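Asks: show me how the following folds:
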Amino acid sequence: MKLQVTQENLSKALSSVGRVASTRGTLPILSNVLLKTVGTRLSIAATNLDIAITHYIGSKVAEEGSITVPARLMQDFVGSLPGGVIDLTLEDNKLHVSTDQYNSTINGVSAEDYPVMPAIDGGVTWTISAKALKSGLQQVIGAASNDEARPVLTGVYVHSHEGKVYLVATDSYRLAEKILPASSDEINLLIPANALQDLLRIVSDHDEDVTVTHDDQQVLFKVGDVELVTRLIEGKYPDYRKLIPKDFASSATLKRSDFVNITKVSSLFARESAGSVTIRLDDATGQVSIRSVASQLGENTASADAQVTGEGTITLNSRYILDALGALGGDQVTFSFNGKLEPCVLADPAASDYLHVIMPLKS
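Replies: As a prediction, this is how the structure comes out:
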């Protein structure tokens, strides 16, 4: 293998795939990245057996070949080099990396030993703009669970329903649902949230369309020169639509910034009670008030003006409220619920493509 690449392109590719290289796995080779010539390009790939990322960069290939080298060392070393052209030459599993002023040799391991994710054969393909996918993932991914005891809830449920494509995540205490501007008839995917975190980092650098291809076991995302493939989570997602109320006894619409401010202030007094705050809607005064009590520190009530319909109180986790308000995009927010033991829904009154559900605490 003998080729030339630019430092900027190689460094960017190594940092985008290097996060996946596993240093704690049982297979030592998983802490390496695979460098391989593909036509006139160099592919840089890493996998942890669940997720694989491949980044292609333009190169001047004199001789074809492939090798795996330690991911962390290669990434840190190339990132430290000045901008310009880098020569890569492979001799006897030793990769010589040289520029005008630097000469290094990195001991590699044969690429034949490197595990490869199986290719998706056939499968369903659809496209979505990177911008829409990025904003949708940012709005739902925080609601996914970290609890490996319930693996189904550690994923984001991507599915089609009545011709629309939905993203859904829940940890059983809250739920986020986003409708994507894409259409397909046969999508039913449970994608690990950690794989989608990696995808988010990739799509943040791109403006073009993302191509999604999937079969029953894995899904492949292609965006620009980068490909991410991940295994799907096995299992049936709960029928979450039953949880979302359609009509409400109590509802308030107010400025999102006002709701954020009164929640933040109240949360300072709610640290003792695991973030528990009580929200009251009062249609007589047209106000939303949040009360929190800390037996050692004192208590606090903060209010904001709102358009209120119906009265009622509900006790919620203040951190979940702030997360939901952060995920909503507009200037206004509508906060609705039925009774103090029923789920409450936060939504943007000007956008019908996103909602956030929070389960109440027993007050």
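Asks: where does the residue of the chain most remote from its centre fall, phi/psi-wise?
Replies: Note on the chain: the largest C-alpha distance from the chain mean falls to residue 284, namely 41.8 Å (CA atoms, centre = their mean). The phi/psi pair for residue 284 (degrees, to the nearest 10) reads phi -70, psi -40.
Asks: ok, now which ones touch the residue nearest to it when sequence neighbours are not counted?
Replies: Closest residue to residue 284 apart from its sequence neighbours, by CB to CB, 6 or more residues apart in numbering: residue 311 at 7.8 Å. Any C-beta I mention is one placed from the backbone N, CA and C, and that applies to glycine too. By CB atoms under 8 Å, 6 or more residues apart in numbering, the contact set of residue 311 is 250, 280-284.
Asks: mind checking which of those residues are in helices?
Replies: When these are checked against helices (DSSP state H), there are no matches.
Asks: can you give me the helices for the chain?
Replies: Going by DSSP H, the chain shows helices at 7-18, 71-80, 130-140, 193-203, 256-268, 318-327.
Asks: relative orientation of the third one and helix 193-203 in degrees?
Replies: Helix 130-140 and helix 193-203 meet at an angle of 140 degrees, taking axes from the mean of the first three to the mean of the last three CA atoms, to 10 degrees as the criterion.
Asks: tell me what helix 130-140 is packed against?
Replies: Counting contacts by 3 or more CB pairs under 8 Å, 6 or more residues apart in numbering; DSSP states H and E, helix 130-140 packs against strand 164-170, strand 174-180, helix 193-203, strand 209-214, helix 318-327.
Asks: who touches that helix?
Replies: In contact with helix 130-140 (CB under 8 Å, 6+ apart) are residues 156, 167-169, 176-178, 180-182, 196, 199-200, 203-204, 206-210, 223, 327-329, 354.
Asks: try the first one
Replies: Outside helix 7-18, the residues that touch it by CB under 8 Å, 6+ apart are 33, 42, 44-46, 53-58, 71-72, 74-75, 78-79, 81-86, 99, 201-202, 226.
Asks: show me what counts as buried in that helix.
Replies: 7, 9-18 (16 or more other CB atoms under 10 Å).
Asks: rewinding a little: quick one: which of the contacts of residue 311 is nearest to residue 319?
Replies: Closest approach to residue 319 among those (CB to CB): residue 280, at 19.3 Å.
Asks: residues contacting the residue lying closest to residue 171 once chain neighbours are set aside?
Replies: Leaving out its chain neighbours, the residue that sits closest to residue 171 by CB to CB, 6+ apart is residue 145, at 3.6 Å. With contact taken as CB under 8 Å, 6+ apart, residue 145 is in contact with 153-154, 170-172.
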